[in-house]
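S.K.: mind folding the following:
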Amino acid sequence: MSGRHELTFKRFDAVGAHQQREVVSQIHRDAYAERIATGEAFASDEAFMTRFDAYTQREGFDLVMAYDGDEPVGQAWGWPLTSGTRWWDGLEAEPEPGFTVEDGTRTFAFSEIMVRRVWTGQGIAHALHDDLLANRQEQRATLLVRPDNTAAYTSYTRWGWRPVARLRPGWPDAPKMDVMLLDLTR
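M.R.: Now for the predicted structure:
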C-alpha cells in the first residue's frame, strides 16, 4: 500500500459499535454504492442500518474496523449464535441432523464484511476476516452470501469456507443466500 498509512484495526463490542453507527453507514454506502443505486430495497442504507441496529442487540456482538491513518476503510462483524437464534430460519434443508442446534459456543455468525471501493484489492477484506475470527472460541463460523456474488464467493472459498445449504433470511425483501461454513477448530 505505497503512499498509504499502515492499516490499524479497532475492535468494538455492541455498545462501542452503536457509537460508530455513522461510520458503519459511511463504509456501507461507499462499499455498496452500486448495489444501493439499483434501488433494491434490501440493499438500501436505511434497511442495512435497521439490520445493524438489530445485530448490535445480539449478545457477544463483535465489530472490527480497519483504518488507513484516520480514514475508516472497512469493517466486519458477527456474534455467537445462542439457543433460540433465528439465524437458521428460512433454511431450505438441514445438511445434517442437528445442524441448527446452537448453544452460544458452537457457531459464530460472520454477518458482514466490506471494504470501501478505493481500498479494495489490497488484502484488507482478508485481514478484517482474519482479525474478526482470531481467537474465537466457537467450533465453526457461518456466513450468508448471494450465489451471484462471485468475487465474495471466490474469496470465501479461498479462505477455507465451504457451501452447505441455502437460506432466505427473515428480513423484508431478503434474497436467497448460500450458507457457508468454516471450521474454527483447526
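S.K.: for the closest residue to Thr85 other than its chain neighbours, which three-state class applies?
M.R.: By the measure of C-beta to C-beta, 6 or more residues apart in numbering, the closest residue to Thr85 outside its immediate chain neighbours is Glu102, 5.2 Å from it. Where C-beta positions appear, they are placed from N, C-alpha and C, glycine not excepted. Classification of Glu102 using DSSP: H, G, I helix; E, B strand; the rest coil returns coil.
S.K.: do you know how far Glu102 is from Asp68?
M.R.: Glu102 sits 36 Å away from Asp68, taking C-beta to C-beta, to the nearest Å as the criterion.
S.K.: over to Met114?
M.R.: The value you get for Met114 to Asp68, if C-beta to C-beta is used, is 15 Å.
S.K.: neighbour count: these two, which is higher?
M.R.: Taking other C-beta atoms under 10 Å, Met114 and Asp68 do not tie; Met114 has more neighbours (22 against 19).
S.K.: partners of the one helix or strand that one maps to, with directions?
M.R.: Assigned by DSSP states H and E, Met114 belongs to strand 107-115. Using DSSP bridges, strand 107-115 pairs in its sheet with strand 71-80 (antiparallel), strand 140-145 (parallel).
S.K.: can you read off the pLDDT for the residue sitting nearest the centre point of the chain?
M.R.: What sits nearest the mean C-alpha location of the chain, by C-alpha atoms, centre = their mean, is Glu112, with 1.7 Å. Per-residue pLDDT puts Glu112 at 96.
S.K.: now it. Nearest residue, chain neighbours left out?
M.R.: In space, Glu112 is closest to Trp77, 5.4 Å off (C-beta to C-beta, 6+ apart).
S.K.: so what's the residue count around the one you found?
M.R.: Trp77 has 26 nearby residues by other C-beta under 10 Å.
S.K.: ok, it - contacts?
M.R.: Residues near Trp77 by C-beta atoms under 8 Å, 6 or more residues apart in numbering: 17, 55, 61-64, 111-112, 132.
S.K.: which members of these occur in strands, if any?
M.R.: 62-64, 111-112 (DSSP state E).
S.K.: element containing the residue nearest to Pro72 when sequence neighbours are not counted?
M.R.: Of all residues not flanking Pro72 in the chain, Val23 sits nearest, at 5.1 Å (C-beta to C-beta, 6+ apart). Assigning secondary structure by DSSP H and E places Val23 in helix 21-31.
S.K.: check which residues of that helix are buried.
M.R.: Neighbour-count burial for helix 21-31, counted by 16 or more other C-beta atoms under 10 Å, picks out 24, 27-28, 30-31.
S.K.: what of stretch 162-169?
M.R.: Across stretch 162-169, burial judged by 16+ other C-beta under 10 Å covers 165, 167, 169.
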